[in-house]
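Asks: the following block contains a protein sequence and its predicted model.
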Protein chains: 2
Amino acid sequence: MRMLINVPETVVADGLRGLAAAHPGLNVDVENRVVVRGDAPVAGKVGLVSGGGSGHEPLHGGFVGAGMLSAACPGEVFTSPVPDQMARAAAAVDSGAGVLFVVKNYTGDVLNFDMAQELAEDEGVQVAKVLVNDDVAVQDSLYTAGRRGTGATLFVEKIAGAAAEEGAPLERVEAVARRVNEGSRSFGVALSAVTTPAKGTPTFDLPSGELELGIGIHGEPGRERRPMMTSREIADFAVNAVLEDLQPSSPVLALVNGMGATPLLELYGFNAEVHRVLAERGVPVARTLVGNYVTSLDMAGCSVTLCEADEEILRLWDAPVETPALRWGR
Amino acid sequence: MRMLINVPETVVADGLRGLAAAHPGLNVDVENRVVVRGDAPVAGKVGLVSGGGSGHEPLHGGFVGAGMLSAACPGEVFTSPVPDQMARAAAAVDSGAGVLFVVKNYTGDVLNFDMAQELAEDEGVQVAKVLVNDDVAVQDSLYTAGRRGTGATLFVEKIAGAAAEEGAPLERVEAVARRVNEGSRSFGVALSAVTTPAKGTPTFDLPSGELELGIGIHGEPGRERRPMMTSREIADFAVNAVLEDLQPSSPVLALVNGMGATPLLELYGFNAEVHRVLAERGVPVARTLVGNYVTSLDMAGCSVTLCEADEEILRLWDAPVETPALRWGR
């Protein structure tokens, strides 16, 4: 146990209190577990709502703000939020222009967002949904039918969020979100297991000196275990796995993402190798983001997400954003 | 070993190659280990140069850009850069308005920046220096005479960087930097030891279930070891240690900093406790930054830095910044 917590039971609520304290521009309902941008609902603007289990921070609460999510619903650690949270978030951000749910493809999340859609529609909110399923590592996994949703979530939320901020109508925001997901693929690697506060010991066994190729963001099994590989070898494996499934027709956005406990120095070194492989494969990179964005608590490791970026997507990526974790002006 | 690296010998160079690939707006000289903002020298602007051992990323290379550092010099992991790097950086950013060196108080850094000042002055560059020594945990330590320089470095670099960006002359930029340092104090805690690539095993022994109060950012010993404490208890200890040495006469900027391997969810929870203690002690918080900014590779733990922020300092903190790690518009 090397956790900076009070007791496991209050980890999520404590985190929300801290988010509220650091970011007065957010409206954080700790009791009901909904994080809403302070100026919501914004007249005429489509609302963008996401959520999922906690433990992946800054996803999703750190992506709430102008130009990205309107609201986020954190569940317990690695556990879907409940439909009431999502419906409450939808009601809080709907200006009459409708709400898009961004749902990572995990069975619990999918079911609960389905129920939330019904609840919200019963209250007169128009709801569309987009499913994020970018992880090429495995088909079906613990908690998932089909491909898992991981790093592409950041691209979907940022780019659809920018479209919504510009005043695009719901069907347009939904179409952009869908296009971003369809043009995105990810692959992740674990160098250590993850320890949840409730369990207090690693949730799976990864012997020192081995890595897991194709890990999920909850420590779900990937494709295979191997003896430790170099950064260069891991980049070859991960980028080639992505490019087996995606032949980009345009320059890409690259997310070189840390799982939580891997030093930024190492992530940047890994980014050099990712760029090398992409250059060898003839894939131009338009923008690169390196850091811990879609994490798995204290897991060591990384993931690579590539997203095809035509001119519109690139423009929306570059558009201003003002959230705790992503923030830039023009 | 759970490192995402090629070989220990290339970790710093690999990281610089990756920094260059991700941030085309920087001019990264991998061979000479100098990171310079792409538009340097900026006519009429004071240059701001810092540096130090690698392993603390994003410090310092991630703070290079408009509104913050003009250049950074990374040394080997936990090892001071050499005078030639610093002198080269000074020459690259000097527009004739002079250069301020921001130096964390470690013996090697202090000596090398002294020598670099002589080298740069021999080349006709006017150089001033400010020493950062904010860590209240211990007087004298491994590598340091007097107090160590830690989290306040971020405040000094951001705020003096904003003053330089506004066109303040060297003596004014130096005075602001000095004032920020004098109004800042830090205290850090380790929940696990740190492993350097060269050694491959933890550099000190911290038994599971214990923590080290007053840790340095290279794993230097702090004040004492104790059995594991709660987030609430750690916040009480750390904030009170800071406030024993600093009685803020104005609202403060708060940096709730992760050492590298502590999840953001836990850092936000810790931030809630930091704000609680500050409220109890009657210290208003003007701005809060939560995240991994002044790190120690894969160490688990956190630090708190408070900085007195009068109106000028607050205005300079809020001024636009465009670097890999800190980025915001107006």
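Replies: Perfect, thanks for sending it. Numbers count the residues shown, from 1 in each chain, chains lettered A, B, ... in the order given.
Asks: where does the residue most central in space within chain A fall, secondary structure wise?
Replies: Nearest to the mean C-alpha position of chain A, by C-alpha atoms, centre = their mean, lies A:Thr153 at 3.8 Å. Taking DSSP states H and E as the definition, one finds A:Thr153 inside helix A:152-165.
Asks: now chain A against chain B: closest residue?
Replies: Residue nearest to chain B within chain A: A:Gly329 (2.0 Å; C-beta to the nearest C-beta). C-betas here are computed from N, CA, C, even on glycine.
Asks: not counting its neighbours along the chain, what's nearest that residue?
Replies: Leaving aside its sequence neighbours, A:Gly329 sits nearest to B:Gly329 (C-beta to C-beta, 6 or more residues apart in numbering or on different chains; 2.0 Å).
Asks: tell me how far the residue nearest to the centre of chain A lies from B:Ala235.
Replies: Using C-beta to C-beta, to the nearest Å, A:Thr153 is found at 31 Å from B:Ala235.
Asks: ok, A:Ala92 next?
Replies: In this view, A:Ala92 and B:Ala235 are 30 Å apart by C-beta to C-beta.
Asks: between those two, tell me which one has more neighbours.
Replies: B:Ala235 (27 against 21; other C-beta atoms under 10 Å in any protein chain shown).
Asks: secondary structure of the more buried one: a strand, I assume?
Replies: No. According to DSSP: H, G, I helix; E, B strand; the rest coil, B:Ala235 belongs to no strand; its state is helix.
Asks: what's the burial count for the residue nearest to it when sequence neighbours are not counted?
Replies: Using C-beta to C-beta, 6+ apart and skipping residues adjacent in sequence, the residue nearest B:Ala235 is B:Glu273, 3.5 Å away. Applying other C-beta under 10 Å, we find 26 residues neighbouring B:Glu273.
Asks: hmm, B:Trp328 and the residue of chain A closest to chain B touching each other?
Replies: Yes. With contact defined as C-beta atoms under 8 Å, A:Gly329 reaches B:Trp328; the gap is 6.7 Å.
Asks: what touches both of the two?
Replies: Counting by C-beta atoms under 8 Å, 6 or more residues apart in numbering or on different chains, the contacts common to A:Gly329 and B:Trp328 are B:Pro320.
Asks: correct me, but the residue nearest to the centre of chain A touches A:Pro58?
Replies: No. Using C-beta under 8 Å, A:Thr153 is not in contact with A:Pro58, being 11.2 Å away.
Asks: tell me the secondary structure at the closest residue in space to A:His60 that isn't next to it in sequence.
Replies: Residue nearest to A:His60 in three dimensions, not counting chain neighbours: A:Ala72, with 3.7 Å by C-beta to C-beta, 6+ apart. Under three-state DSSP, the three-state class of A:Ala72 is strand.
Asks: same check, this time on A:Phe187
Replies: From three-state DSSP, the assignment for A:Phe187 is strand.
Asks: quick one: pLDDT of it?
Replies: As predicted, A:Phe187 sits at a pLDDT of 98.
Asks: can you map out the strands along chain A?
Replies: Assigned by DSSP state E, the strands in chain A fall at A:26-29, A:34-37, A:47-54, A:71-77, A:99-104, A:127-132, A:184-190, A:210-213, A:224-227, A:252-258, A:285-291, A:301-308, A:321-322, A:327-328.
Asks: can I get those in CSV with mean neighbour count and distance to B:Gly44?
Replies: Output for these, formatted as CSV (neighbours: other C-beta atoms under 10 Å in any protein chain shown; distance: least, C-beta to C-beta, whole Å):
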stretch, mean neighbour count, distance to B:Gly44
strand A:26-29, 20, 39
strand A:34-37, 27, 39
strand A:47-54, 30, 43
strand A:71-77, 26, 44
strand A:99-104, 29, 46
strand A:127-132, 22, 48
strand A:184-190, 30, 44
strand A:210-213, 22, 51
strand A:224-227, 12, 55
strand A:252-258, 27, 36
strand A:285-291, 20, 31
strand A:301-308, 28, 40
strand A:321-322, 21, 31
strand A:327-328, 17, 26
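Asks: mind putting those in TSV, distance to B:Val82 included?
Replies: Converted to TSV, these look like this (distance: least, C-beta to C-beta, whole Å):
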stretch	distance to B:Val82
strand A:26-29	45
strand A:34-37	46
strand A:47-54	44
strand A:71-77	45
strand A:99-104	47
strand A:127-132	47
strand A:184-190	35
strand A:210-213	35
strand A:224-227	37
strand A:252-258	29
strand A:285-291	26
strand A:301-308	31
strand A:321-322	39
strand A:327-328	34
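Asks: what does the stretch 1-150 of chain A have sitting close to chain B?
Replies: By C-beta under 8 Å from any C-beta of the partner chain, the residues of the stretch 1-150 of chain A that approach chain B are A:1-7, A:10-12, A:14-23, A:54-55, A:57-58, A:62, A:77.
Asks: now the helices for chain A?
Replies: Counting by DSSP state H, the segments of chain A that form helices are A:11-22, A:83-93, A:107-122, A:152-165, A:170-182, A:231-245, A:264-280, A:311-318.
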